[in-house]
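> test case, fold it:
(chains A and B)
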Number of protein chains: 2
Amino acid sequence: MSTTTELTQAQSDYDDLRGKGLSLDLTRGKPSPAQLDLMDGLLATSLAGDWKAADGTDCRNYGGLEGLPELRSIFSEFLGVPAPQLIAADNSSLALMHDCIVHSLLSPLPGSSSRWIDGPAAFLCPVPGYDRHFSLCERFGIEMIQVPMTDEGPDMDVVEALVAEHPRVKGMWCVPKHSNPDGTSYSETTVARLAAMPTAADNFRIFWDNAYALHDLVDQPVVLADLLGASAGAGHPDRVFVFGSTSKVTLAGGGVAFFGTSPDNLAWYLKHNGMRTIGPDKLNQLRHVRFLGDADGVRQLMASHRALIGPKFDTVERILQEHLGGTGLASWSKPKGGYFVSLTVPDGCAKEIVAKAAEAGIALTPAGATHPYGDDPGDRFIRIAPTFPSIGDLEAAMVGLVTCVKLVGLSHLSEASNS
Amino acid sequence: MSTTTELTQAQSDYDDLRGKGLSLDLTRGKPSPAQLDLMDGLLATSLAGDWKAADGTDCRNYGGLEGLPELRSIFSEFLGVPAPQLIAADNSSLALMHDCIVHSLLSPLPGSSSRWIDGPAAFLCPVPGYDRHFSLCERFGIEMIQVPMTDEGPDMDVVEALVAEHPRVKGMWCVPKHSNPDGTSYSETTVARLAAMPTAADNFRIFWDNAYALHDLVDQPVVLADLLGASAGAGHPDRVFVFGSTSKVTLAGGGVAFFGTSPDNLAWYLKHNGMRTIGPDKLNQLRHVRFLGDADGVRQLMASHRALIGPKFDTVERILQEHLGGTGLASWSKPKGGYFVSLTVPDGCAKEIVAKAAEAGIALTPAGATHPYGDDPGDRFIRIAPTFPSIGDLEAAMVGLVTCVKLVGLSHLSEASNS
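Predicted coordinates for the structure are as follows:
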């Protein structure tokens, strides 16, 4: 088929698509109702007359800033943080990241005498990345410096040069396993270099958002190297803030978030957080302990999640391959876990594709959301979030999406050849 | 009896007290286990298969920054805030106060172009007051200016003069009903003056911590005037931040906190809080709705609390009256609600009394905690928290406390007459 014929076909397919009056949503990485139904046992857990933690604490009353030790033990293994250095909080790890930024802005971190707010502050932002990380920087006026991703994580030559040279680089965002959105996991070498690199700032922290620590989609799961331990070994014990949560393990709206770091950093955090609250919701933590039981209970639950979402990732891969494979119009990630597929389209096409999809009733994460300030300079990254819709809706949305990719991609190709 | 004889008797009583080897705690305003047992129905509430809010929201998933509308409606009446201007959050109103300070430090409030951090910032602190309020100011380097309390609330002549003159006065702490620790409720006149007073700062806010809105101990409860409405009526719609929680209604460790304010302030807060989290724990809110039912359900619950704690306040009053009445060694508050009794002892005696009590195994809130920086300049306020211990323990602790008051008070009297 000639490009002209293909374009005519794509336009006709798109017109058909619009005629369908779809209303589909591929925007956010939310668990589906079927995944949440796995949590009926958690929602049915009664704590009446049974509200004591393992150490006898009355979970109904005030106190216990660190969270329940038995829950911290269960997640210690998964997050690679010794339980005494890991605390359990309320339902949002994003809130913990926010608060770590706030406390670092307003109080000196261990090892430093100055607050972030005392001078210019910048974060390294591997791209494509997570829009909510970027929003936090924007909200606090923290400059964002983009670092390209490679197959092994952020380009470490770029990272090492930036942190060594610029004392204003105070932080770095990392989603080290099944990265949002491209599914990349950081290699052992990348982790070793992050641990060892010299930094110009004495108050630099890596925000290690291990959101998908447990979210494997293959039989031989990726093993992430231990940055916290490696940093301590390299003489930088306070370099790392580890974040995690059960938002996509148990309940997105009512899970438990975790924060792990060095003993000095943890004391610093607890001191400041102890002014903010008298303690997290220990009852919700206790329900989690009762429902999950132990690390094996968590593993079994994650296998059930995989059984539900694995076929959705297969569907995305199948439709992309079937319609776009070999066309040169797109490439895409083949994640071994996590919640997203990253679709890369020809330069300058992403926004138009997302707009065309919206016109046809298919909501996608705004193009550019993968980059600081919502601005993808190449306009080529589209994030696909396949977990929430049913398989049927996902198929319809993906067929619609590839139709839009073809229409926009071929139009650009045709314009380029005519000019 | 001569003072010398009395002193000899007091010393002998104190020696007996020490000999008992007590271990009692009157430090914090915590609900007792018997109060928490009232919540068995809440702890037994199963949401399995039953996780939809009234508007159909799946409470298990992400979202809903404002909290559940049906829960906000129930508490709208009690907090005197229209439901659309009241949001429901996680378990800590202190956290909401903390975050309001953080956002005000780092972002201009509605009606102003400058952030609190751009210049010096001070809060008015009515004394005696709540130590955790003062800790927040101290943590953020906010100057604390003391204002004496009267029977009608803070001394408004002092307040009006300070806010009119000093643009650095950015905030004011108020516990307007059954104040911590002295049980004072603000009069209608005080509320009207707070609403109407001109302020030098264009970004001044009253932190209206209505922690004891529901916590009445008498048949004709105090009615608190509506500061939010009065401020709007006086042309200062954005003046007030209202805080409340169910920490002492349902569960101290797993309740729901509320924030109410003007529409403009609320939009400002939600914008910033929307960067911090994707939403509160809606499941806990839904459990509360199911358990409480409606405003009448809340009123019945508070009657049950009163039945449990009323006798404890009576015990405190009885023992103070019996042992210290007419001695001139102490005066004390007779609260109509709330969680505390404030004991006033002769100047320069409070610290020593608390120390003597500690030696005898009776833990009291540190003397000075009622004042900024833990420094009560007259050294005369002691806060009694009677709710947590059993009646038996409370009696023993109170008898011990009055023994210490007598010993220290009479010693000071004797020294003064000898010098």
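> I'd like the average pLDDT over the lengthiest helix in chain A.
The helix that spans the most residues within chain A, counting by DSSP state H, is helix A:295-324. Average pLDDT, helix A:295-324: 98.
> quick check: buried residues in stretch A:128-141?
For stretch A:128-141, burial by neighbour count (16 or more other CB atoms under 10 Å in any protein chain shown) applies to A:128-140. For the C-beta atoms, the positions are set from N, CA and C on the backbone; glycine is no exception.
> also stretch A:211-225?
Going by neighbour count (16+ other CB under 10 Å), the buried part of stretch A:211-225 is A:211-217, A:221-222, A:224-225.
> go on, stretch A:160-173?
A:160, A:162-163, A:166-173.
> close to chain B: what parts of the stretch 51-200 of chain A are there?
Taking CB under 8 Å from any CB of the partner chain, the part of the stretch 51-200 of chain A that reaches chain B is made up of A:51, A:58-64, A:90-92, A:94-95, A:98-99, A:102, A:105-106, A:117, A:132, A:135-136, A:139-140.
> just the buried subset of the residues you listed, please.
Listed as buried from these are A:51, A:58-62, A:64, A:90-92, A:94-95, A:98-99, A:102, A:105-106, A:117, A:132, A:135-136, A:139-140; burial here means 16+ other CB under 10 Å.
> helices along the stretch 51-200 of chain A, start to end?
All helices of the stretch 51-200 of chain A, identified by DSSP state H, counting those that start in this stretch, fall at A:69-79, A:93-106, A:131-139, A:156-165, A:188-196.
> list the contacts of the third one.
Which is helix A:131-139. A:94, A:97-98, A:101, A:123, A:125, A:142-144, A:173, A:207, A:209, A:365, A:369-374, B:272, B:275 (CB atoms under 8 Å, 6 or more residues apart in numbering or on different chains).
> the most centrally placed residue in chain A: what's it in contact with?
Computing the C-alpha centroid of chain A and ranking residues by CA atoms, centre = their mean puts residue A:180 first, at 4.4 Å. Contacts of residue A:180 were listed using CB under 8 Å, 6+ apart, and they are A:29, A:129-130, A:211-212, A:338-340, A:383.
> of all these, which comes closest to residue B:354?
Residue B:354 lies nearest to residue A:211 out of those, by CB to CB, at 47.5 Å.
> before we move on, back to that, out of the contacts of residue A:180, which one sits closest to chain B?
Ranked by distance to chain B (CB to the nearest CB), those are led by residue A:29 at 9.0 Å.
> can I have the strand or helix carrying residue A:232 written out in CSV, keeping just the CAs?
Following DSSP states H and E, one finds residue A:232 within helix A:227-233. Provided in CSV are the C-alpha atoms of helix A:227-233 (Å, rounded to 0.1, in the frame of the first residue of the first chain):
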residue,chain,number,x,y,z
LEU,A,227,20.9,1.4,47.1
LEU,A,228,20.5,2.1,50.8
GLY,A,229,23.1,-0.5,51.8
ALA,A,230,25.4,0.4,48.9
SER,A,231,25.4,4.1,49.8
ALA,A,232,26.3,3.3,53.4
GLY,A,233,29.1,1.0,52.1
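> cool, thanks, talk later.
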